[in-house]
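[1] sharing a model prediction with you, sequence too.
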Amino acid sequence: MRRPVWLGLCVGLALQAVAWHAAGAAPKADLWPRWQAHDPASQGVIDHGAWGTFLERYLVEGDDGVNRVAYAEVTAADRAALNAYLEGLAAVPVSAQNRAEQMAYWINLYNALTLQVVLDHYPVDSIRDINISPGLFSGLFNRGPWGKKLVEVEGEALSLDDIEHRILRPIWADPRVHYAVNCASIGCPDLQPEPYRGADIDAQLDAAARDYVNDPRGVAVEDGQLIVSSIYEWFKSDFGGDDRAVIEHLQRYAAPALAASLERFPAIDDDRSDWRLNDARAD
């Protein structure tokens with residue numbers, strides 16, 4: 001019996017989805033030109049105090065040194081405060097801000113939205129279990145929350161993917177973005193204990209880079225092999241495009257002993273990721 005054409009097409013798309021998921025492929029930076037607008041002369045300062053208060057109350061350092069969120073302890077009042085903070089950010093005329101203030105805005109928006117999504121679906125073992133992204137196979141394959149439109153800014157509906165891959169990465173072309181946006185997972189760079197701020201953004205990004213590069217989750221030498229976070233594989237183009245460029249980037253932020261150790265590696269031997277939720281209760 002001849003198989004219907006549509007069935008063959010569906011099977012083919014399904015196999016592509018499986019391959020994409022297995023490979024851990026990441027979206028390319030794809031500029032959304034609408035968000036290039038900015039005002040270099042702006043002296044405006046966006047208030048992230050509510051986000052700072054939330055982090056102070058619920059971000060804790062685990063026994064393994066990983067910053068974790070006490071999701072189970074977040075009160076109804078503080079969830080409401082987080083929602084109000086996000087509503088306030090959505091109302092900010094971000095296109096009228098200077099570049100540094102914009103960068104801090106988008107990073108804080110991304111991180112607060114990610115935390116809101118986890119809280120809305122908690123308890124979960126991994127953010128990848130929050131299968132709310134749109135797509136033909138969203139019910140069959142784990143697509144996570146990154147593709148769902150979660151907020152509207154200046155009349156545009158935005159997803160986490162939009163913020164990271166269509167705004168932050170292409171506009172700033174700064175690999176340190178990957179140390180700032182948090183994926184609510186153990187293997188990712190830590191959610192930082194303070195909001196990002198335009199006036200301090202460069203120093204904050206450098207500190208986040210040093211924290212991760214000098215943590216075994218970021219870089220480790222094990223049995224004579226160089227093992228790095230999968231972030232450096234998924235986004236290799238952002239870190240220079242090849243293993244040598246990634247290693248040079250790592251040396252820039254590595255402590256002296258690690259930097260010296262990296263000198264003997266011509267290439268990366270392996271990469272790894274840990275998608276377990278950064279939940280304080282699981283520490």
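    Perfect, I can see it now.

[2] can you give me the distance of G62 to V118?
    With distances taken as Cβ to Cβ, to the nearest Å, G62 is found 16 Å from V118. The way it works is simple: take the backbone N, C-alpha and C, and place the C-beta from them, glycine included.

[3] the more surrounded of these two?
    V118 (22 against 14; other Cβ atoms under 10 Å).

[4] any buried residues in the helix or strand where that one lies, and which?
    Counting by DSSP states H and E, the secondary-structure element that holds V118 is helix 99-121. By neighbour count, with 16 or more other Cβ atoms under 10 Å as the criterion, the buried positions of helix 99-121 are 100-119.

[5] any stretches of this protein with poor pLDDT?
    Within the chain, the ranges that satisfy pLDDT under 70 run 1-25, 136-142, 283.

[6] S133 is in contact with W146, isn't it?
    Yes. Taking Cβ atoms under 8 Å as the definition, S133 is a contact partner of W146 at 6.0 Å.

[7] wait, a strand at V228?
    Yes. Secondary structure assignment places V228 in a strand (DSSP: H, G, I helix; E, B strand; the rest coil).

[8] could you measure from it over to A180?
    18 Å.

[9] higher neighbour count, these two?
    Regarding V228 and A180, a neighbour count based on other Cβ under 10 Å identifies A180 as having more, with 25 against 22.

[10] distance of the more buried one relative to D129?
    Applying Cβ to Cβ, one obtains 24 Å for the distance of A180 from D129.

[11] what do you get for P40?
    P40 sits 42 Å away from D129, going by Cβ to Cβ.

[12] please apply the same query to P27.
    For P27, the distance to D129 (Cβ to Cβ) stands at 20 Å.

[13] ok so, going back, please say which of S133 and W146 ends up with more neighbours.
    The residue with the greater number of neighbours, taking S133 and W146 and applying other Cβ under 10 Å, is W146; the counts read 22 against 18.

[14] contacts only, for the more buried one.
    Residues counted as contacts of W146 (Cβ atoms under 8 Å, 6 or more residues apart in numbering) are S133, S159, L160, D161, E164.

[15] A50: which of the residues you listed is nearest?
    Nearest to A50, judged by Cβ to Cβ, of the contacts of W146 is L160 at 19.8 Å.

[16] for that closest one, the count of nearby residues, please.
    One way to gauge burial is a neighbour count; for L160, by other Cβ under 10 Å, it gives 24.

[17] what are the ranges of the strands in the stretch 51-200 of the chain?
    Secondary structure of the stretch 51-200 of the chain (DSSP state E, counting those that start in this stretch): strands located at 59-61, 67-69, 149-153, 156-159.

[18] return the most buried member of those.
    Ranked by mean neighbour count, the strands of the stretch 51-200 of the chain are led by strand 67-69 with a mean of 22 (mean count of other Cβ atoms under 10 Å).

[19] I'd say V177 and R169 touch.
    Yes. In this structure V177 lies within contact range of R169 using Cβ under 8 Å: 5.9 Å.

[20] need the residues touching each of these two.
    Shared contacts of V177 and R169, defined by Cβ under 8 Å, 6+ apart, comprise D238.

[21] returning to that earlier point: V69: which of the contacts of W146 is nearest?
    Nearest to V69 among the contacts of W146, with distances taken as Cβ to Cβ, is L160, at 16.4 Å.
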